[in-house]
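K.L.:
Requesting a structural model of the entry that follows:
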Amino acid sequence: MVISLAIALLSPCITCKEAHSAEPGSAVMKQAPLESGDGILTVVPSNKQAIPHRIAAISANGRYEATISSEQTEHIVVSEFDTGKVLLEGNPTYVRSAAISPDGRWLYVSSTGLGGQLWHIPTKTVVAADRSWPVYARDIQFSPDSARLAIADNNTIVVLDSKMGRMIGQFQIGEGRNAPYANRLVFSPDGRKLFAFVGNGDIYRLDADTLQPIGEPWLGIGVFNMAFSADSRRFAATRRLHNTMQVVVIGAVSGLLLSSPASVHGNDDQLQAVTFTPDGRFLLTASMRGMVTLWESATGEMIAQKSLSQPYLVNLRFDRDAKRLYSLEHGISWDISIRPTVSQRRDASGLTAQVVLPTGSNYRNIAEAEIATESAVFHPGSGLLIIGGGSKLNFIDGDKIRSTAIDIEPDPNPQSNVSQASVSTVAISRDGRRATAGPDYAAIGVYDVTTGKLVSIVSDSVEYANMYGRSHTFLADGKLVVPWLHGIRIVDAEKGTTLRRIESKLDGIVSVLAAGTSKPWLAVGSSKGSLQLIRTDTSRFARVIDHIHKGAILTVAFSPDDQTIATGGADGSIRLFETQTGNPIGTTWAAHVDGVTALSFSSNGKYVASGSTDGTVRVWNVTTGKPVTYALVGHAEPVLAVMFDKSTGQLLSFGHDSILRRWNVPTSNTHTQ
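P.N.:
Take a look at the predicted model:
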């Protein structure tokens, strides 16, 4: 099986003095070819026969298991895994989830009838029970010393004392009905940290004793599963990016990316388990389709891979010694051995950029305000977010939300099947005083941002709505630009009347419009990937550049000094051009798997942020054309708008999923080559 390093994530590895001092194994370099994977990794069925029960829980060291009868969910049995010796039998009502402490002394069970129960296994007694404890716990984990128990209950994490069942503390992730859920909890091997992974894959780091946050959350990695190294200094994370699963090693203290992310398995597979070997040299992953893979942890290189005889396995777990793999759902296990004679030679060449996990405030769900989302734009000066959707224009300014009802004219085409139009495009003037709403099959309206009142309706803008799209933009002087049958029209935004028309011979229909920051430049993108540069003060076409993208140009952005133009296409690529000459700058960036839907330059013009239909956000070094961080996973649907916030230095992104995110991306101190 061919494993390709993910271009969609970042260029390989890290280096530099900071990396050496921050984390062990952080001197990541190219590796010479390893010997064949044959015989290095062995995976065979355990001597223990499959049991006709579901394994509800397995202790971290693999010595103890709790099983539930497939037909009788109110009967649970705790036993030694290898010998089958029964240690406890209990009858809680309808067991939903369970966990066993590493020392085999404690069992926690959540059940429908009784809430949570904490059992002392040696005495076979319930030492604590509480109906208020979570019934449908998303995850239950004992600390390595068995002294504490962490429970993930939707957006709340609760830690209990194992001996008494007394609550030690709790931590709440966000507020409101749409706050993210904690899907997985992992204690560090030293027991000092508790990592929580929420529904969107962000990482919350908590002090295991106090449950106080350790710094800000790490955003955008999109964690699906993870495991710590034995020294608690590194962790391996698996995540889904587009149609593949990826595995990467990250510094647990610094947030440095310590290995090249490697992609494995297609969209019909899923990495169910990951673990380090005790010496930290290797990683093991196991997938739903029964593939067990051995990786070199310092480089992300695949060493060997074995296929299990039984595919479509769920709820897989490794023991902490990486010697056994369990399928809890099927009640079967496999013994694993790794031949320790793998030779490796390192080459110090090919060093690349230091990459750090972004931090920042967690996302804000605008959907809580019951706002429909079809289009969005940030005001570059104030960070005001304009959202169009349904029959409303919405203004998001910090914690304040204002909405203006849009009186949408009906579709003039009597044969149209569209029963209700929606605001599909929006724009905001450079001075922030005017905003527009462009509904499907209806005229574009201009609104006062402060009052929300209608200022004007752009005449004749309904005529070309179906054929020529709804893209429009404001010029630096406040005039509005809209598509026209043979080109574009310059419109008086205060009156809605056409001032002049500019014809063009652009190949394809107008797909996007973008105006210069301060100078009278206008970029017109077409449905066939062509770009036209126009001087609006003279109505002169400066340059036509044909077919720069395969498919439509979806977004265009000017640099702060208007000297550079960035274009994003439906083909997932980004290109840069000189505004004056139209000459290309550098090579095409293979930026995203799907179309690039949003672009924004940083205030110093050194970086470009991009958002995509694939839901990811990326930041690029303009000079090198290389990403300065991995693909940020933060939106479940297409990204509609991105912007660098001048006041905070953060990157803002907003998606069709109504999620507003702030990223502390490492642009000011990132080293690239």
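
K.L.:
any weak-confidence spans in the stretch 401-550 of the chain?
P.N.:
Within the stretch 401-550 of the chain, the stretches with pLDDT under 70 are 407-421, 440-442, 459-470, 539-542.

K.L.:
show me where it has strands.
P.N.:
Assigned by DSSP state E, counting those that start in this stretch, the strands in the stretch 401-550 of the chain fall at 423-428, 434-439, 445-448, 454-457, 473-474, 480-484, 487-492, 497-503, 510-515, 521-526, 531-535, 540-545.

K.L.:
Quick one: those strands as TSV, columns for mean neighbour count and distance to Leu316 too.
P.N.:
Yep, even glycine has a C-beta here, placed from its N, CA and C like the rest. Listed next are these as TSV, based on neighbours: other Cβ atoms under 10 Å; distance: least, Cβ to Cβ, whole Å:
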stretch	mean neighbour count	distance to Leu316
strand 423-428	24	44
strand 434-439	26	49
strand 445-448	21	54
strand 454-457	18	58
strand 473-474	24	51
strand 480-484	24	53
strand 487-492	22	57
strand 497-503	14	61
strand 510-515	24	45
strand 521-526	24	47
strand 531-535	22	49
strand 540-545	15	51
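
K.L.:
Val628: which of these is closest?
P.N.:
Checking those against Val628 by Cβ to Cβ gives strand 510-515 as the closest, at 23.4 Å.

K.L.:
how about the strands of the stretch 401-550 of the chain in CSV, adding distance to Trp620?
P.N.:
Formatted as CSV, the strands of the stretch 401-550 of the chain follow (distance: least, Cβ to Cβ, whole Å):
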stretch, distance to Trp620
strand 423-428, 24
strand 434-439, 29
strand 445-448, 34
strand 454-457, 37
strand 473-474, 23
strand 480-484, 27
strand 487-492, 29
strand 497-503, 31
strand 510-515, 18
strand 521-526, 19
strand 531-535, 19
strand 540-545, 20
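
K.L.:
These: which one's closest to Thr629?
P.N.:
Between Thr629 and those, the shortest gap by Cβ to Cβ is with strand 510-515, which sits at 24.8 Å.

K.L.:
So which residues lie in contact with that closest one, not counting its own?
P.N.:
468-469, 471-476, 481-483, 488, 521-527, 536, 552-558, 565 (Cβ atoms under 8 Å, 6 or more residues apart in numbering).

K.L.:
Let me see the contact set for Glu65.
P.N.:
Taking Cβ under 8 Å, 6+ apart as the criterion, Glu65 is in contact with 55, 57-59, 78-79, 81, 100.

K.L.:
what helix or strand is it on?
P.N.:
Under the criterion of DSSP states H and E, Glu65 resides in strand 64-69.

K.L.:
That strand pairs with which strands, and in what direction?
P.N.:
strand 53-58 (antiparallel), strand 76-80 (antiparallel) (DSSP bridges).

K.L.:
are any of the contacts of Glu65 buried, and which?
P.N.:
Buried residues within the contacts of Glu65, defined by neighbour count using 16 or more other Cβ atoms under 10 Å: 55, 57-59, 78-79, 81, 100.

K.L.:
which residue packs closest to the residue positioned nearest the centre of the chain, ignoring adjacent ones?
P.N.:
Per Cα atoms, centre = their mean, the C-alpha nearest to the average position across the chain is that of Val633, at 1.3 Å. For Val633, ignoring the flanking residues on the chain, the nearest one in space by Cβ to Cβ, 6 or more residues apart in numbering is Gly222 at 2.9 Å.

K.L.:
just Ala636 next, same as before
P.N.:
Closest to Ala636 by Cβ to Cβ, 6+ apart is Asp657, at 4.5 Å.

K.L.:
looking at the strands paired with strand 64-69, which is closest to Ile173?
P.N.:
Taking those one by one with Cβ to Cβ, strand 53-58 is closest: 23.9 Å.

K.L.:
taking the mean pLDDT, what do you get for the strand holding Glu65?
P.N.:
For strand 64-69, the mean pLDDT works out to 80.

K.L.:
mind listing what's buried in that strand?
P.N.:
So for strand 64-69, counting by 16+ other Cβ under 10 Å, buried means 64-68.

K.L.:
Could you tell me how far that strand lies from the centre of the chain?
P.N.:
The chain centroid and the centroid of strand 64-69 are separated by 35 Å under Cα atoms, centre = their mean, to the nearest Å.

K.L.:
Output stretch 182-189 as CSV, nothing but the C-alphas.
P.N.:
C-alpha atoms of stretch 182-189 as CSV (Å, rounded to 0.1, in the frame of the first residue of the first chain):
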residue,chain,number,x,y,z
ALA,A,182,-16.3,16.3,25.0
ASN,A,183,-16.1,13.1,23.0
ARG,A,184,-12.8,11.7,24.5
LEU,A,185,-10.7,12.0,27.6
VAL,A,186,-7.1,10.9,28.0
PHE,A,187,-4.9,11.2,31.1
SER,A,188,-1.2,11.7,30.6
PRO,A,189,0.9,8.7,31.8
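
K.L.:
beta partners of Leu194?
P.N.:
Phe187, Leu206.

K.L.:
Centre of the chain to the edge, which residue is at the far end?
P.N.:
Thr123 (46.0 Å).

K.L.:
just checking, that one is part of a helix?
P.N.:
No: under the criterion used here (DSSP: H, G, I helix; E, B strand; the rest coil), Thr123 is coil, not part of a helix.

K.L.:
pLDDT value on it, please?
P.N.:
pLDDT at Thr123 comes out at 94.

K.L.:
Cool, thanks, talk later.
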